[in-house]
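**Student:** Okay, predicted coordinates and the sequence, questions at the end:
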Amino acid sequence: MLGIQGLSFQDINTLLDLADDYVDQNRQVDKKSSSLRGRTQINLFFEASTRTQSSFELAGKRLGADVMNMSVSTSAIKKGESLIDTAMTLNAMRPDLLVVRHPDSGAVALLSQKVGCGVVNAGDGTHEHPTQALLDALTIRRRLGRIEGLRIAVCGDILHSRVARSNIHLLTALGASVRVIGPPTLMPGGIEALGATAFTSMREGLEGCDVVMMLRIQMERMTGSFIPSTREYFHLYGLDYEKLAYAKPEALVMHPGPMNRGVEIDSLVADDVDRSLIREQVEMGVAVRMAVLDALSRHLPNQ
Ligand code: CP
């Protein structure tokens, strides 16, 4: 499971339908089932994570797998061991599933060629974050009943965002009209070739939108100056009620987290229980990751 690109309409809907069932299971007192019983899942995160790592851990455990979290900060990677040597070392312990996050685009795909188990991309550089896009789609589908025909804006630091890329692939595949909005310095060349329409004005881009998905400004990936100041960025692109009014009156707000409050989103909007889906996104994350692990476990290369 390396990206949304390459998944069919049917693949995506099968995963979303399976995840819907896991939402119900996760709301029961007994949240456990056994589709991964006997399986070993290793979470290998070369970048920080709160939501993705913890939800993959919960997902694996709720499906009955033995789950190990590899801490990169205390591993031999700190002594200079390479990504591939690390992967082959872990592979020798015969895991069934590796969940990997890495700062370099393409690193997870490279690693997947060296191991004999299922590999899930938990975010690779600026390339893809497929389970984030799936959980976003599930959140929208459950609230609005459909994806097809919706106008969805993805706003902010498009240049550095793997979430934006995965969402453009997924939402356009399901029939949504996707707009990307951000300053010219944070808008990658060729983004429209993926099927989105690009805007540099929030007023123009948000017009008629059903959903407004805000993105984190990724300071850690910026070398040089992409925005004049966070204060000016908020003035032009930060989502407050004034800018949200450019969208449809009932438009919903999303953010993958972690949020920079007061930079890309105003706290009042982020915490608005009527308009913000941010907490639902986190809940859907566990169900979607259960669906992905379950589906992958049925097709493991080391069966
Ligand atoms: N949305 C997301 O990927 O969050 P984490 O970095 O906390 O996993």
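**Tutor:** Now that the structure is in, tell me what you want to look at.
**Student:** Quickly check: stretch 118-133 near the ligand or not.
**Tutor:** Yes: contact of stretch 118-133 with the ligand (CB under 6 Å from any ligand atom) involves 123, 132. C-beta: built from backbone N, CA, C; applies to glycine.
**Student:** The ligand contacts on the stretch 201-303 of the chain?
**Tutor:** Residues of the stretch 201-303 of the chain lying close to the ligand (CB under 6 Å from any ligand atom) are 256-258.
**Student:** Now rank these by neighbours and give me the top one.
**Tutor:** Greatest neighbour count in those, by other CB atoms under 10 Å, goes to P256: 26 neighbours.
**Student:** Using the three-state scheme, assign that one.
**Tutor:** Remark: P256 carries the secondary structure label coil [criterion: DSSP: H, G, I helix; E, B strand; the rest coil].
**Student:** Measure how buried the closest residue to it other than its chain neighbours is and give me the count.
**Tutor:** Excluding the flanking residues, the one nearest P256 by CB to CB, 6 or more residues apart in numbering is V163, at 4.9 Å. Here the number of neighbours of V163 (other CB under 10 Å) works out to 26.
**Student:** Q132 is in contact with V163, correct?
**Tutor:** Yes: contact criterion CB atoms under 8 Å: V163 and Q132 qualify, at 5.1 Å.
**Student:** gap between the two ends of stretch 267-280?
**Tutor:** The first and final residues of stretch 267-280 sit 17 Å from each other (CA to CA, to the nearest Å).
**Student:** buried stuff in the host helix or strand of L170?
**Tutor:** Element membership for L170, per DSSP states H and E: helix 162-173. Using 16 or more other CB atoms under 10 Å as the test for burial, helix 162-173 gives 162-173.
**Student:** Out of the residues you listed, which is nearest to the ligand?
**Tutor:** V163 (6.8 Å; CB to the nearest ligand atom).
**Student:** Work out which residue lies at the spatial centre of the protein.
**Tutor:** Compute the mean C-alpha point of the chain, and by CA atoms, centre = their mean the closest residue is Q132, 2.0 Å away.
**Student:** next SSE after the host helix or strand of that residue?
**Tutor:** Element membership for Q132, per DSSP H and E: helix 130-144. From helix 130-144 onward toward the C-terminus, using DSSP H and E, the following helix or strand is strand 151-155.
**Student:** Quick check: D210 touching K248?
**Tutor:** Yes: using CB under 8 Å, D210 makes contact with K248 at a distance of 5.8 Å.
**Student:** where's the residue with the largest distance to the centre of the chain relative to F46, distance?
**Tutor:** In the chain, counting by CA atoms, centre = their mean, K79 sits farthest out from the average C-alpha position, at 30.1 Å. As defined by CB to CB, to the nearest Å, K79 lies at a distance of 15 Å from F46.
**Student:** again with R62
**Tutor:** R62 sits 25 Å away from F46, taking CB to CB as the criterion.
**Student:** Of D210 and K248, which one has the most company?
**Tutor:** D210 (21 against 17).
**Student:** quick one: contacts for that one?
**Tutor:** Applying CB atoms under 8 Å, 6 or more residues apart in numbering to D210 gives the contacts 144, 150-152, 247-248, 251-252.
**Student:** Dump the residues you listed to TSV, plus pLDDT and distance to L268.
**Tutor:** Compiled in TSV, these are given as follows (pLDDT from 0 to 100; distance: CB to CB, whole Å):
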residue	pLDDT	distance to L268
L144	98	23
L150	98	24
R151	98	24
I152	98	22
A247	98	16
K248	98	19
A251	98	15
L252	98	15
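**Student:** which two of these lie the greatest distance from each other?
**Tutor:** Within these, L144 and A247 form the most distant pair, 13.5 Å apart (CB to CB).
**Student:** Look at the two and report which has more neighbours.
**Tutor:** In this comparison of L144 against A247, neighbours counted by other CB under 10 Å, the higher total goes to A247 at 23 against 15.
**Student:** Excluding covalently adjacent residues, which one is nearest to S267?
**Tutor:** Here the nearest residue to S267 in space, its sequence neighbours aside, is R261; by CB to CB, 6+ apart that works out to 4.8 Å.
**Student:** pLDDT score assigned to that neighbour?
**Tutor:** For R261, the model assigns a pLDDT of 97.
**Student:** right, and it touches V269 too?
**Tutor:** No: with contact defined as CB under 8 Å, R261 does not count as touching V269 (9.8 Å).
**Student:** Please say which of those two ends up with more neighbours.
**Tutor:** V269 (21 against 16).
**Student:** List the residues that contact the more buried one.
**Tutor:** Going by CB under 8 Å, 6+ apart, the list of residues near V269 reads 239-241, 244, 253, 275-276.
**Student:** Contact partners for the residue nearest to P256?
**Tutor:** Residues in contact with V163, defined by CB under 8 Å, 6+ apart, are 129, 132-133, 136, 154, 215, 256.
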